[in-house]
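S.K.: requesting a structural model of the entry that follows:
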Amino acid sequence: MMLVTPIRGLRPAPERAEEVVAPPYDVLNTAEARVRAEGRPNSFLHISKPEIDLPEGTDPYDPAVYAKGAENLQRLVDDGVLIREEKPCYYIYRLRWEDHVQTGLVFGASVAAYDINRVRKHEFTRPVKEDDRVRQITALNAETGPVLLTYRADDAVKAIIDEKASEAPIYDLVADDGIGHTLWVLDDDEKIEQLNRIFDATEALYIADGHHRSASASRVAKESSNESAQYFLTVAFAHDEMKILDYNRVIRDLNNHSVDELLAMVAASFDLEMSADEVRPEKPTQFGMYLNGQWYRLDIHPELVPSDDPVASLDVSLLQNNLIEPLLGISDPRRDDRIDFVGGMRGLGELEKRVDSGEMAVAFSLYPTTMEALMDVADANEVMPPKSTWFEPKLADGLVSHVLD
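M.R.: As a prediction, the model looks like this:
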């Protein structure tokens, strides 16, 4: 079985794309999705968040929700809003956000490769979230939320992408969140075969975002006799085009320490410097701390940085293991409600706001995890700490879906 395969995508008719495109299902809650979909009957949110078309208060895991999603998908197909590709294709997909541009490929990734860790993971999954995606895929008989993958940059792949991207796209739009989405259909048999060969010789692909969707696709494949179900919907970008933002921490209290006591304890493991401005770390092993209306720059002592452990040497691990756990008493950041996480999209002002309001006692800014660090962890068959990566820009739902027939 090939590592990747072209797919017969289900996608909007070109003149309907702006009506359809929607944010990923997991970045909006139900209330936000209702607002975004208001007056937009063809928004893909009616498929990815179908509880918005049911009475308020409906459990999003109710069987009626999945049935409604299937009904809504069929309506868009019947109305010609969504059309099916005549033959299996690769798709070139470009994302634009502010001054950042990344261009990758939409294809099906092998479930068998995922099962043997050739499509490599770096996060744990939760059964309840897996179950939700299994029910959604089964009800729709389609995968509609693409998994975000990365691969080590390859000049031959880039040449194929660049050549196709020099032509006119089938879609070129800016969504209501300001992110630009451009799509080309790559249906040339020779180029398809070239990509098949290149990726089949690739050692591994890496999941950047979408661990639950990947795990769910694996479960669905085991119960399906359809060949297409043996591949799951993905968008893959070269590792050197991906953008990871900081994923910062806020803590509810100081674990019964005074401000002066905490500063003294922090200084035992970090070089501590007051700053008149907000502190956005400029390099790995450097952190910002906002405490009692004051920013501090923290540089961890070099001897505390492991040289041979890809997980323990991550900045999120260094902060957790040398400050958050021993000083603030939070040993399980997955479950402890004294800690919360703030994605870099919200800016450092959000950290100040949450501390100054009294909701939180201290905040920490981090340097973004690098793609190389993510791949090192996955290659070691290890798991990253929770909330280690925040990828931007986000993929759109609805541009290409994968029908399991």
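S.K.: please parse the chain into its domains.
M.R.: Partitioning the chain according to automatic domain parsing yields domains covering residues 4-244+392-403, 247-367.
S.K.: packed most tightly, which of those domains would that be?
M.R.: The densest packing among these, expressed as mean neighbour count by mean count of other CB atoms under 10 Å, is seen in domain 4-244+392-403 with a mean of 18. In this view, the C-beta of every residue, glycine as well, is placed from N, C-alpha and C.
S.K.: about what we covered before: among the domains of the chain, which is nearest residue 378?
M.R.: In terms of CB to CB, the element of the domains of the chain nearest to residue 378 is domain 4-244+392-403, at 3.8 Å.
S.K.: determine how far the last residue of the closest one lies from the first.
M.R.: Across domain 4-244+392-403, the straight-line distance between its terminal residues is 16 Å, by CA to CA, to the nearest Å.
S.K.: and for stretch 369-389?
M.R.: Comparing the first residue of stretch 369-389 with its last one, the separation is 6 Å (CA to CA).
S.K.: next, the buried residues of it.
M.R.: 369-371, 373-378, 384-389 (16 or more other CB atoms under 10 Å).
S.K.: for residue 218, state which of those residues is nearest.
M.R.: residue 378 (16.3 Å).
S.K.: am I right that that closest one is in contact with residue 121?
M.R.: Yes: counting by CB atoms under 8 Å, residue 121 is a contact partner of residue 378 at 6.4 Å.
S.K.: who is residue 101 paired with across the strands?
M.R.: residue 96 (DSSP bridges).
S.K.: dump the residue contacts of it.
M.R.: Under the criterion of CB atoms under 8 Å, 6 or more residues apart in numbering, the neighbours of residue 101 are 94-95, 241.
S.K.: state the distance from the residue lying closest to residue 343 once chain neighbours are set aside to residue 369.
M.R.: Setting aside the residues directly before and after it, residue 343 is nearest to residue 390 in space (CB to CB, 6 or more residues apart in numbering), at 4.3 Å. Separation of residue 390 from residue 369 (CB to CB, to the nearest Å): 9 Å.
S.K.: which neighbours do those two have in common?
M.R.: Taking CB under 8 Å, 6+ apart as the contact rule, the neighbours common to residue 390 and residue 369 are 244, 247.
S.K.: after the helix or strand in which residue 216 is found, next one along is what?
M.R.: In this structure, residue 216 sits in helix 211-222 according to DSSP states H and E. Beyond helix 211-222 in the direction of the C-terminus, DSSP H and E gives the next helix or strand as strand 231-238.
S.K.: with only the CA atoms kept, save that next one in CSV.
M.R.: Coordinates of each C-alpha in strand 231-238 appear next as CSV, following Å, rounded to 0.1, in the frame of the first residue of the first chain:
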residue,chain,number,x,y,z
TYR,A,231,-6.5,6.4,3.4
PHE,A,232,-7.4,9.5,5.5
LEU,A,233,-7.9,13.1,4.4
THR,A,234,-4.7,15.2,5.0
VAL,A,235,-3.1,18.4,4.0
ALA,A,236,0.7,18.3,4.1
PHE,A,237,3.3,21.1,4.1
ALA,A,238,7.1,21.0,4.0
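S.K.: how far off helix 211-222 does it point, in degrees?
M.R.: Relative orientation of strand 231-238 with respect to helix 211-222: 140 degrees, computed using axes from the mean of the first three to the mean of the last three CA atoms, to 10 degrees.
S.K.: which residues touch residue 111?
M.R.: If you count contacts by CB under 8 Å, 6+ apart, then residue 111 has 217-218, 221, 229-232 around it.
S.K.: what confidence value was assigned to the residue lying closest to it once chain neighbours are set aside?
M.R.: Nearest residue to residue 111 in three dimensions, chain neighbours excluded: residue 221, at 4.2 Å (CB to CB, 6+ apart). pLDDT, residue 221: 97.
S.K.: how near is residue 221 to residue 108?
M.R.: Between residue 221 and residue 108 the computed distance is 11 Å (CB to CB).
S.K.: ok, residue 270 next?
M.R.: Counting by CB to CB, the separation of residue 270 from residue 108 is 46 Å.
S.K.: report the secondary structure state of the closest residue to residue 240 other than its chain neighbours.
M.R.: The shortest distance from residue 240 to any residue that is not its chain neighbour, by CB to CB, 6+ apart, is 4.7 Å, and that residue is residue 153. Classification of residue 153 into helix, strand or coil gives coil, according to DSSP: H, G, I helix; E, B strand; the rest coil.
S.K.: which residues touch residue 153?
M.R.: By CB under 8 Å, 6+ apart, residue 153 lies in contact with 238-241.
S.K.: do residue 364 as well
M.R.: 248-251, 287-290, 319, 323-324, 351.
S.K.: looking at it now. What's its pLDDT?
M.R.: As predicted, residue 364 sits at a pLDDT of 98.
S.K.: what helix or strand does it sit in?
M.R.: Under the assignment here (DSSP H and E), residue 364 is part of strand 362-366.
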